[in-house]
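1. Provided below for reference: sequence and predicted model.
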Amino acid sequence: QVQLVESGGGLAQAGDSLRLSCTSSGRTLSSWHMGWFRQAPGKEREFVARISWSGSSTYLADSFECRFTISRDNAKNTVFLQMNRPKPEDTAVYYCAAGGWGSSAAEYDYWGQGTQVTVSS
């Protein structure tokens, strides 16, 4: 069982930077591919980025590849989502997920509770 905990969300102004973190209480994340998703009110959960267990392979959805970065520090058992120049439309609950390797939420086995990101103009 992998229990994921996100942090780093909050209120930001457009153009600020935010760094979201995801760690695990219990099992190490170092052997898991990881992903970040988001869900805005009234919308479906949306794929943002994924990273391989080693960190050597990353992929961001087209909408985010110029502004967001995914990384990980396995020594600290943490996966990050760096959000640069966020926009109000980035307002959503952001979730990290483990156990999948794809862009569909259905491919991931474990999810955190999410962290709210609110971006004001």
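-> Thanks, I have the structure now. Numbers count the residues shown, from 1 in each chain.
2. quick check: closest non-adjacent residue to the residue positioned nearest the centre of the chain.
-> Nearest residue to the geometric centre of the chain (C-alpha atoms, centre = their mean): residue 36, 2.9 Å. Leaving aside its chain neighbours, residue 36 sits nearest to residue 48 (4.3 Å; criterion: C-beta to C-beta, 6 or more residues apart in numbering). Glycine gets a C-beta too; all of them are placed from N, C-alpha and C.
3. got phi/psi on that neighbour?
-> phi -110, psi -50 (degrees, to the nearest 10).
4. how many residues are close by it?
-> 24 (other C-beta atoms under 10 Å).
5. correct me if wrong: the residue nearest to the centre of the chain contacts residue 96.
-> Yes. The criterion here is C-beta atoms under 8 Å, and residue 36 meets it with residue 96 at 5.6 Å.
6. and for the two, which residues touch both?
-> Shared contacts of residue 36 and residue 96 (C-beta atoms under 8 Å, 6 or more residues apart in numbering): 20, 22, 79, 81.
7. which pair in these has the greatest spatial separation?
-> Of all pairs drawn from the shared contacts of residue 36 and residue 96, the greatest distance, 8.8 Å, lies between 20 and 79 (C-beta to C-beta).
8. these two: which is more packed in?
-> residue 79 (30 against 24).
9. what bridges to the more buried one?
-> Beta-bridge partners recorded for residue 79 (DSSP bridges): residue 22, residue 72.
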